[in-house]
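> when you get a sec, could you give me coordinates for this:
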Amino acid sequence: MIRILLAEDDRVMREYLTRALERSGYAVSAVDRGTAAVPLLETEPFDLLLTDIVMPEMDGIELAQRAGVIAPDLRVMFITGFAAVTLKAGNAVPQARVLSKPFHLRDLVLEVDRMFEMERVSGG
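Next up is the predicted model:
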C-alpha cells in the first residue's frame, strides 16, 4: 500500500484530505506541522510527502528539503493557497508537484494517482 505523509496545519483541511486519500486506497499519516513530520520521516518509510507550504515553525519547502536528505526517493506534492509561494516551491524542489487551493478532492486524488500509476499497475 502506498504511504502518504500529510503535513497540513489546518485541522479541517487535514481531516478532509486524510479521509479522501484513505477512501482512495492510500495509507495516510497526518501531522499538523512540519516539525512533527520530520521524526516520522526518520523512522517510517513513506512514498509521498503531501505538504502545505505555509505553516508555522517549519514551512513546507523547508520540510521537503529536509525530507529529500532523509529519504531521497520520496515524492513531494505541495498544496498552497498562495500563488506567490508556488514559484518559490518550484525553484526549491523542482521535481515536486504543486496543487493550488482551492481544489476539488477528486483533483487531488487524480494527481496522487498519476504520481503512482506505474506502481499501482505493476503492484509494486
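
> contacting residues around the residue nearest to residue 101 when sequence neighbours are not counted?
In space, and not counting its chain neighbours, residue 101 is closest to residue 81: 3.8 Å by Cβ to Cβ, 6 or more residues apart in numbering. To be clear about C-beta, it is placed using only N, CA and C from the backbone, and glycine gets the same treatment. By Cβ atoms under 8 Å, 6 or more residues apart in numbering, the contact list for residue 81 reads 54, 100-102.

> from the residues you listed, which one has the minimum pLDDT?
Across the contacts of residue 81, no position has a lower pLDDT than residue 101, which has 84.

> isn't that one right up against residue 80?
Yes: counting by Cβ atoms under 8 Å, residue 101 does reach residue 80; the two are 6.4 Å apart.

> let me know the secondary structure of residue 79.
strand (DSSP: H, G, I helix; E, B strand; the rest coil).

> from residue 42, how far off is it?
The gap separating residue 79 from residue 42 is 23 Å, by Cβ to Cβ, to the nearest Å.

> neighbour-wise, which of the two wins?
residue 79 (23 against 11; other Cβ atoms under 10 Å).

> the nearest residue to the more buried one once chain neighbours are set aside sits in which helix or strand?
In space, and not counting its chain neighbours, residue 79 is closest to residue 99: 5.0 Å by Cβ to Cβ, 6+ apart. In this assignment (DSSP states H and E), residue 99 forms part of strand 97-100.

> distance between that strand and the chain's centre?
10 Å (Cα atoms, centre = their mean, to the nearest Å).

> may I have it exported as PDB, CA atoms only?
Coordinates of the C-alpha atoms in strand 97-100 are reproduced here as PDB (Å, rounded to 0.1, in the frame of the first residue of the first chain):
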ATOM      1  CA  ARG A  97       4.200  18.900  -8.000                       C
ATOM      2  CA  VAL A  98       2.200  21.900  -6.800                       C
ATOM      3  CA  LEU A  99      -1.600  21.900  -6.400                       C
ATOM      4  CA  SER A 100      -3.200  25.300  -5.700                       C
END
